[in-house]
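>>> Return atomic coordinates for the entry below.
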Amino acid sequence: MRTEEVHCAVTVVGGGLAGVCAAIAAARAGAEVALIQNRPVLGGNSSSEVRVWVCGATAAGRQRYARETGIIGELYLENQHRNPEGNPLYWDMVVLDAVRAEPNIALFLNTDVRLVDAIGPEDERVVRSVTGWTMGSERETRFVSPVFLDCTGDGLVGHLAGARYRVGREAKTEHDESWAPEKADNLTLGSTILFYTKDLGRPVRYIPPDIAKDITTTSIPERRIIRSGDNGAAYWWIEWGGELDTVHDNERIRDELWSVIYGIWDYIKNSGRFDAETLTLEWVGTVPGKREYRRFVGDHVLTQNDILNQRDFPDVVGYGGWSIDLHPPGGMYAEDGGAAQWYPNGTYGIPFRCLYSVNTANLLFAGRNISASHIAFGSTRVMATCAVLGEAAGTAAAMCADRAIGPRELGATAIGDLKRALLRQDAAVIGVTYDDPADLARAATVSASSTLTRLAVEDSSGAQPLTADVGLLVPADPELDGIELLLDVDESAAGTSLTVEAWSTGRPQNYVPHTVEASAEVTLTAGDKQWVAAPLRWRPTTPQNAFVVIRAHPQVRLHLAEHMQTGSVSLVRRQVKEVDDGGVDVLEHAQPVVEWVARSRGRSSWCFRLAAPTAAFASDRAVGGYARPYGGPQSWCSRRLSGEPEHIELAWESPVDVGRVELVFDDDVNEYMNNLHYHRSPFEIMPELVRDYRVEVATDGRWAAVVDVAGNRRRHRVHRLERPVTTDRLRVVVIATNGAPHAAVPALRVYR
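Residues are numbered from 1 along each chain as shown. Prediction:
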């Protein structure tokens, strides 16, 4: 047996998406990082071993403008480009390549940490080292660092270090959570194994193995949806073990899940109830995908009320948006539906105090083991949210190592520095402005070759009856001063009125109707393809989004186009069923993000014209401190491209020394993406991304290019100039996009 010792600034244990993003973030911040993973592949539950599709704040497309940026955003975009079919093996390589691209990361696969050396009294623990055993190499390695991250999911490192944690459900009274049980218990969410099928195009028989369970003797066929040919993602409800110990009973849980999967396939193939003659079972997971185990205790415990009330935190470093998604502990055998879900009205913030231990001075954590109640964990546990928190924790860990302080001290004395670092690297933080005094762009006067001021969709491709309320999200910047709609009106509707309303959304990160601000009753005349004006007038105290509601009128048809207008979203109000096709219980009380859904995934739009010009895409939005929508688009956007380049320009009163230019391009964070394409986006490269561009500086009255890029497909670009340039003017010239009709730059930053 070989023994080794590794010394580095930051040790990350756990190679799921939280650990991967933590390691990459710390490495990019300048820290030497050891990333330790006990499996042969990275990605955790998203890897080819388990194949759970990556979910996050988008809530599978229900939350608007919520897709994560930062490191997980990079992985999304790279996967779209490399892996349009959603092959889980290719996803493994996308994640592995991202880690191997960082020279500061030393990766240790197949290395299981079993020993933790921690000292100090119970309330002041300090981790000195962790020791892992590498399978196949017969190698024992001791990792020594000033800072450690537990991204193991199950929380083994923190447990062995003596960090405080919880397992199970808190009582309702502990955090005043209405969804919590009356009494605390040790019940958790269970584990799942998925399976894939394949159509061979010829008859295939199936002889079930001895472990296969006769599921007709269970309640599964009565209480769960079983279909042939479904994507494996449709069987997330094959879940069990919440009434056991999901770690110590892992093998028992795996065997039970296997028995049910092979039994379900026997039911599909051999019961005669399904069209499955040519289908075969292509893949069955061997590693249970765990949902819940230890949750560490930090200086703040995130709760149900924090999420649903979208509480503002001064130390916010990430966000979520997935529903509070709780599954019955009995899993697939429970009488209840497969899940109960409660959605916040938009994204919610997660504070830094949830990412470090209350009693272990140099331990941070990220993933499903953060400091949250069982109820709040029901939302934060999804992998894209875990990845967001990994980037925040990894960035903080590097800062702690560099400054020789603990995370609590960092949060108390330098939270502004941490948030600034996250925003600069385009991490997923919503509603926080970037205010770096070193950014020269903030002191410049901004102008542009053109600006999009007219919002309209006028080319109809058909009409849809107004059998349900529909919505149109548009910026009220500085005001909403009337809207026109393209309608067909039946003879029987002549003389009746159509109700059109303007609603505010409640919070800048929300995209649902909250309060009626204006209403108009429009008297109708019979006729087809007529532009009908609704005199809605609303001038908010600060620019924000307006949610225009067009009430149902069955004798009226609203025209639509098969493309969208930048800055707008078209929606439909649906009648929520008591139980959806996946066996999800829907609450009786209203959930706006469930009721109001995007009209389609094809980017279509209702035909409309805003009566007044908008200032939502003014050039100064590119230096306004936001790099994504928040109460409006928060981006410079040109008028429609006509073959000539467009540009955004900075001008200073006196010359400045420029050594670095950082750009954030629009990749439409309203487009829902998924690594395994449970729902597919049609774009291998997001069309909104600027493809070809130059950065130019003015020298002696002439423009000279210092950066020239062709074929860009990334959102965040950092350009270090070979030689610093002294200039009083700089511009970004957009030559072409990847297909969008407008050039857009959400953020332009310049440094010495």
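
>>> For the stretch 51-200 of the chain, which segments are assigned as helices?
For the stretch 51-200 of the chain, helices defined by DSSP state H, counting those that start in this stretch occupy the ranges 70-82, 88-100, 156-161, 172-175.

>>> Could you point out which of these sits nearest Asn231?
Each of these has some distance to Asn231 by C-beta to C-beta; the shortest is helix 88-100, at 12.1 Å. Placement of C-beta: from N, CA and C, glycine included.

>>> Might you list the low-confidence residue ranges for this protein?
576-590, 600-602 (pLDDT under 70).

>>> Got the domain ranges for it?
If you go by automatic domain parsing, the domain ranges for the chain are 2-168+303-321+344-424, 191-290, 440-451+617-751, 456-610.

>>> between the helices of the stretch 51-200 of the chain, which gets nearest to Val358?
Closest approach to Val358 among the helices of the stretch 51-200 of the chain is made by helix 156-161 (10.9 Å; C-beta to C-beta).

>>> Send me that closest one as CSV with only the CA atoms.
Below are the C-alpha coordinates for helix 156-161, written out as CSV (Å, rounded to 0.1, in the frame of the first residue of the first chain):
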residue,chain,number,x,y,z
LEU,A,156,-19.7,12.3,5.8
VAL,A,157,-16.8,14.6,6.2
GLY,A,158,-18.6,17.1,8.4
HIS,A,159,-20.1,14.2,10.5
LEU,A,160,-16.6,12.7,11.1
ALA,A,161,-15.3,16.2,12.0
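
>>> which residues of the stretch 1-150 of the chain fall in strands?
2-7, 10-13, 33-36, 105-108, 111-119, 126-134, 139-144, 147-150 (DSSP state E, counting those that start in this stretch).

>>> so can I have TSV of the helices of the stretch 51-200 of the chain showing mean neighbour count?
Shown next, in TSV, are those (neighbours: other C-beta atoms under 10 Å):
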stretch	mean neighbour count
helix 70-82	23
helix 88-100	18
helix 156-161	24
helix 172-175	15
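
>>> In TSV: these, plus distance to Gln575.
Output for the helices of the stretch 51-200 of the chain, formatted as TSV (distance: least, C-beta to C-beta, whole Å):
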stretch	distance to Gln575
helix 70-82	32
helix 88-100	36
helix 156-161	46
helix 172-175	31
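
>>> and of these, who's closest to Leu418?
Closest to Leu418 of those is helix 70-82 (C-beta to C-beta; 13.6 Å).

>>> contacts for that closest one?
With C-beta atoms under 8 Å, 6 or more residues apart in numbering as the test, helix 70-82 has contacts from 17, 20-21, 24-25, 54, 56, 67-68, 90-91, 93-95, 97-98, 384, 387-388, 390-391, 422, 425-428, 667, 673, 675, 681, 683-686, 713-716.

>>> Can you say which of those residues are buried?
Neighbour counting with 16 or more other C-beta atoms under 10 Å marks 17, 20-21, 24-25, 54, 56, 67-68, 90-91, 93-95, 98, 384, 387-388, 390-391, 422, 425-428, 667, 673, 675, 681, 683, 685-686, 713-716 as buried within the contacts of helix 70-82.

>>> Next step: these restricted to helices.
17, 20-21, 24-25, 90-91, 93-95, 98, 384, 387-388, 390-391, 422 (DSSP state H).

>>> Most tightly packed of the domains of the chain?
Among those, domain 2-168+303-321+344-424 has the highest mean neighbour count (mean count of other C-beta atoms under 10 Å), at a mean of 23.

>>> Straight-line length of that domain, end to end?
Taking C-alpha to C-alpha, to the nearest Å, domain 2-168+303-321+344-424 runs 42 Å from one end to the other.

>>> Return the distance of Ala401 relative to Val127.
13 Å (C-beta to C-beta, to the nearest Å).

>>> how far does stretch 197-212 stretch from start to finish?
When the termini of stretch 197-212 are compared using C-alpha to C-alpha, they are 17 Å apart.

>>> so after the top strand by length along the chain, what's the next helix or strand?
In the chain, with assignment by DSSP state E, the single longest strand is strand 716-737. Downstream of strand 716-737, the first helix or strand assigned by DSSP states H and E is strand 744-745.

>>> That following strand pairs with which strands, and in what direction?
strand 636-637 (antiparallel) (DSSP bridges).

>>> ok now the partner strand, how far from the chain's centre?
Distance of strand 636-637 from the chain centroid (C-alpha atoms, centre = their mean, to the nearest Å) equals 23 Å.

>>> 50 is where my numbering starts, stick with that
With the count now opening at 50, the last piece we talked about shows up as strand 685-686.

>>> by contact count, what packs against whatever helix or strand comes next after it?
Sequence order places strand 695-713 as the next helix or strand after strand 685-686, per DSSP H and E. Packing contacts for strand 695-713, counted by 3 or more C-beta pairs under 8 Å, 6 or more residues apart in numbering; DSSP states H and E, involve strand 494-497, strand 751-758, strand 765-786, strand 793-794, strand 796-800.

>>> Check the offset of the second one from the chain's centre.
So that's strand 751-758. Worked out by C-alpha atoms, centre = their mean, strand 751-758 lies 35 Å from the chain centre.

>>> picking that back up, could I get the strands of the stretch 50-199 of the chain as a markdown table with distance to Arg689?
Output for those, formatted as a markdown table (distance: least, C-beta to C-beta, whole Å):
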| stretch | distance to Arg689 |
| --- | --- |
| strand 51-56 | 56 |
| strand 59-62 | 46 |
| strand 82-85 | 46 |
| strand 154-157 | 44 |
| strand 160-168 | 54 |
| strand 175-183 | 57 |
| strand 188-193 | 55 |
| strand 196-199 | 47 |
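
>>> if we compare those strands, which one ends up closest to Gly312?
Of all those, strand 160-168 sits nearest to Gly312, with 32.0 Å by C-beta to C-beta.

>>> orientation of the closest one relative to strand 188-193 in degrees?
Calculated by axes from the mean of the first three to the mean of the last three C-alpha atoms, to 10 degrees, strand 160-168 forms an angle of 40 degrees with strand 188-193.

>>> Within the sheet, what are the partner strands of strand 160-168, with directions?
Strand 160-168 is paired, per DSSP bridges, with strand 175-183 (antiparallel).

>>> what's the partner strand in contact with?
With C-beta under 8 Å, 6+ apart as the test, strand 175-183 has contacts from 60, 62, 85, 87, 157, 159-169, 188-194, 197, 206, 210, 409-412.
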